[in-house]
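Undergrad: When you get a sec, could you give me coordinates for this:
(chains A, B, C and D)
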Amino acid sequence: MQLLYFAWVRERIGLGAEEVDPPVTIATVADLIAWLSSRSDGHAAAFADPARLRAAIDQAFVPLDTSVVGAREVAIFPPVTGG
Amino acid sequence: MQLLYFAWVRERIGLGAEEVDPPVTIATVADLIAWLSSRSDGHAAAFADPARLRAAIDQAFVPLDTSVVGAREVAIFPPVTGG
Amino acid sequence: MSDQAIIRVLVTTEAIDVAVEQIALEQGGAVATFTGLVRADDGVATLELEHYPGATEAALTRLAEEAVERWSLSAASIIHRVGPMQPGERIVFTGAASAHRAAALEACAFLIDRLKTDAPFWKREVVGGEGRWVEARDSDDHAADRWR
Amino acid sequence: MSDQAIIRVLVTTEAIDVAVEQIALEQGGAVATFTGLVRADDGVATLELEHYPGATEAALTRLAEEAVERWSLSAASIIHRVGPMQPGERIVFTGAASAHRAAALEACAFLIDRLKTDAPFWKREVVGGEGRWVEARDSDDHAADRWR
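TA: Numbers count the residues shown, from 1 in each chain, chains lettered A, B, ... in the order given. The predicted model follows:
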């Protein structure tokens, strides 16, 4: 599974992208975020407050309780601020 | 009193402007229009249907029942169609 | 910002240059514009715009001032073409600038809606060699009324 | 006209040229545009726009298509700048063209309101040498919600 990070999520983790292989117990984006938090202090800092996070699966915005089963690309980022 | 005509009012009368001195019995724009109708066939044609006419006194739009007493410039024209 | 608002009103026989008008409006964080073009449909070959010199500029200035006051705009522009013009050419341009996008967008809509009923312009279409004066539309009155 | 509607979506590091964008939109009788500028206030020296390549263009295209469908537009454009930019520069441009002015004005407001919540862009301000990520605003959610 390809992960992408943007804005302060990317900065705190220190990576824009990484490839991961989550265990089968990881069902939703929220599960994935909790599991990723243990990978490094940067991940822990980025994912400390899931209420401040948004996600996209295969480039479509989704709520954090969406299933990640079969997802190729999951992006995790703060609320958008364009325009 | 300076009169100005625009659009098809101007075309029917055949004049863009004329100077008139209405009698003291002419109180409102509507009175003025009725009085002007007898000046020529063109005036009669232009002013046949007052419901289709609009007016301005000294460059401010006014209803046809507005007093013309003391007016320097009265303009008579169809509903506007700009923009 | 309304104290130092930039108001630009122009009645002109020249083509409207939207790039120039846009730059004149770029005084706030948000700029909204509206451009009306001569319709190419209905076989119209030429459109002629007549106006009431002096009264037109005064009416447009009052309208721009009302928008600046109501939405605290940093800039407001109304440019109206007069004389003969061809299908596809720009007849009218309105623009509003503000710190906030909703204010700029609403004020721009207000300017074009109210211009349609409150400014002394008359359109004459030439179709197949015949001129005809365009009739005013009730829908324009309704659009203008929503701002009163 | 929506069958042949011209949709223009661009995410670019280059300056936005409003004259080019205006001409691309001049497909109907009525053209409405919105331009957002980098604010010069709050001591912001530089604004940086990050985006999600691929997903951004797809989101903007879906948004433009939704506007074309909903208001039967003849053209819709969304141009968004990315990378570093200076106060006064144009960040975003949205535009809509229609036979009717109300449709063009409403669709233009829809495009900018929904872009603020539905497209993956993130703003970072540099103030006094320090970078800070701009926080999303509830008012943007409310503005976008009125179109749902």
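
Undergrad: where does chain C come near chain B, residue by residue?
TA: C:36, C:49-52, C:54-55, C:58-59, C:80, C:91-92, C:112, C:115-124, C:133-136, C:140 (Cβ under 8 Å from any Cβ of the partner chain). Quick note: C-beta positions are derived from backbone N, CA and C, even for glycine.

Undergrad: Select only the buried ones of the residues you listed in ChimeraX?
TA: Buried residues within those, by 16 or more other Cβ atoms under 10 Å in any protein chain shown, are selected in ChimeraX with:
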select /C:36,49,50,51,52,55,59,80,91,92,112,115,116,117,118,119,120,121,122,123,124,133,134,136,140
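
Undergrad: Name every strand pairing with the helix-or-strand element of chain A with minimal mean pLDDT and say which way it goes.
TA: Lowest mean confidence among the helices and strands of chain A (mean pLDDT, DSSP states H and E): strand A:60-62, at a mean of 95. When pairing is defined by DSSP bridges, strand A:60-62 lines up against strand A:54-57 (antiparallel).

Undergrad: what about the partner strand, distance to the chain center?
TA: Using Cα atoms, centre = their mean, to the nearest Å, the mean C-alpha position of strand A:54-57 is found 7 Å from that of the whole chain.

Undergrad: Can you give me the distance of the nearest residue to A:M1 once chain neighbours are set aside to chain C?
TA: Closest residue to A:M1 apart from its sequence neighbours, by Cβ to Cβ, 6 or more residues apart in numbering or on different chains: A:V20 at 5.5 Å. Noted for A:V20: a distance of 39 Å to chain C, by Cβ to the nearest Cβ, to the nearest Å.

Undergrad: who's in contact with the closest residue to chain B within chain A?
TA: Residue of chain A nearest chain B, by Cβ to the nearest Cβ: A:G83 (28.7 Å). Residues counted as contacts of A:G83 (Cβ atoms under 8 Å, 6 or more residues apart in numbering or on different chains) are D:G36, D:H80, D:I91, D:V92, D:I112, D:L115, D:K116, D:A119, D:F121, D:D140.

Undergrad: Now do the strands in the chain.
TA: Assuming you mean chain A. For chain A, the strands defined by DSSP state E occupy A:2-5, A:17-19, A:54-57, A:60-62, A:73-77.

Undergrad: Hmm, no, I was thinking of chain C.
TA: Counting by DSSP E, the strands of chain C are C:6-12, C:30-37, C:44-51, C:75-81, C:83-85, C:90-98, C:121-127, C:130-133.

Undergrad: Dump those strands into CSV; add distance to chain A as well.
TA: Formatted as CSV, the strands of chain C follow (distance: least, Cβ to the nearest Cβ, whole Å):
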stretch, distance to chain A
strand C:6-12, 24
strand C:30-37, 10
strand C:44-51, 36
strand C:75-81, 20
strand C:83-85, 35
strand C:90-98, 15
strand C:121-127, 35
strand C:130-133, 43
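
Undergrad: any chance of the ones you listed in a markdown table, with mean pLDDT too?
TA: Output for these, formatted as a markdown table (pLDDT from 0 to 100):
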| stretch | mean pLDDT |
| --- | --- |
| strand C:6-12 | 98 |
| strand C:30-37 | 98 |
| strand C:44-51 | 93 |
| strand C:75-81 | 98 |
| strand C:83-85 | 96 |
| strand C:90-98 | 98 |
| strand C:121-127 | 95 |
| strand C:130-133 | 93 |
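
Undergrad: need the contact list for whichever residue of chain C sits closest to chain D.
TA: Going by Cβ to the nearest Cβ, chain D is nearest to C:A19 of chain C, at 3.8 Å. Counting by Cβ under 8 Å, 6+ apart, C:A19 makes contact with D:V18, D:A19, D:Q22.

Undergrad: repeat that with 7 Å
TA: When contacts are counted by Cβ atoms under 7 Å, 6 or more residues apart in numbering or on different chains, C:A19 touches D:V18, D:A19.
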